[in-house]
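# need a structure here:
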Amino acid sequence: MDDVRLSDGTVTLSPLRLDDVEAHLAGEDELLVRWLNGGPGTREGVEAYLHHCREQWEASGPLRAFGIRVGADDVLVGTIDLRFAGEDLGPGQVNIAYGLYPSWRGRGLATRAVLLASRYAAGEGGAEVVIQVEPVNSASAAVAQRAGFTPGRRAPGKDGTRFDRYTRDLRAVSR
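Predicted coordinates for the structure are as follows:
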C-alpha cells in the first residue's frame, strides 16, 4: 500500500493516511459535504474513515482511497476513491468518486486525478469505470466528460437521488 504512488508530473495519487486528517477537515466545504461526504466531517469520523481505508488497502478490499496531491511537498488538495464492487456496479465496473478542496478547483486537477485513477483501475483488472453525478453538479459532469467518459443513463441511487452515469471503457487505457 505505502508504495502505491501514481503521478502525471502535476498530480500525484497516493493512499490516504492518518496525517491527512487536518488538511481534509480544513479543506472541506459545503460542496464536498453535499456531493461527496454526506455530512460535515469530524476529527473522529475522518480518523475512523482513514483507518477503514487503510484496512481496505491492506486486505485488498474493494475500496481504494487516494489523496490527490500536488507539489514537491505532496500538499493534499482533495480525495479520489475507487470502488471495485458495490450497488449498481456490474462485473468489471469500478466506481470513481472525487472532490477537490475549494482553493484547488478550476485548475484541471480533478480531470488529471480521474485519468490516473482510471489507469490504476485498468491495471487492477477493471473493464469499465463509472462516475455517478447528480444532474445539477455540472462541474463534476464536466470533469467526467473532459476525462473521456461517455454520458449514459440516469438512474436512482439507493436513497432515491437521481444520478447521471458516465462510463469509460478501460480496454483502451494504457496501464
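
# tell me which residues in the lowest-mean-pLDDT helix or strand in the chain are buried?
Lowest on mean pLDDT, DSSP states H and E among the helices and strands of the chain sits helix 30-32, with a mean of 80. Across helix 30-32, burial judged by 16 or more other C-beta atoms under 10 Å covers 31-32. Backbone N, C-alpha and C define where each C-beta goes, glycine included.

# can you give me the helices in this structure?
21-27, 30-32, 43-58, 109-123, 138-146 (DSSP state H).

# what residues does the shortest one touch?
In other words, helix 30-32. With contact meaning C-beta atoms under 8 Å, 6 or more residues apart in numbering, helix 30-32 is reached by 99, 101-102.

# Closest one of the residues you listed to residue 29?
Nearest to residue 29 out of these is residue 102 (C-beta to C-beta; 5.0 Å).

# Was I right to think the closest one contacts residue 28?
No: checked against C-beta atoms under 8 Å, the pair residue 102 and residue 28 is beyond contact range at 9.2 Å.

# Which one's more surrounded, these two?
Legend: neighbour count by other C-beta atoms under 10 Å for residue 102 and residue 28, higher for residue 28 (18 against 13).
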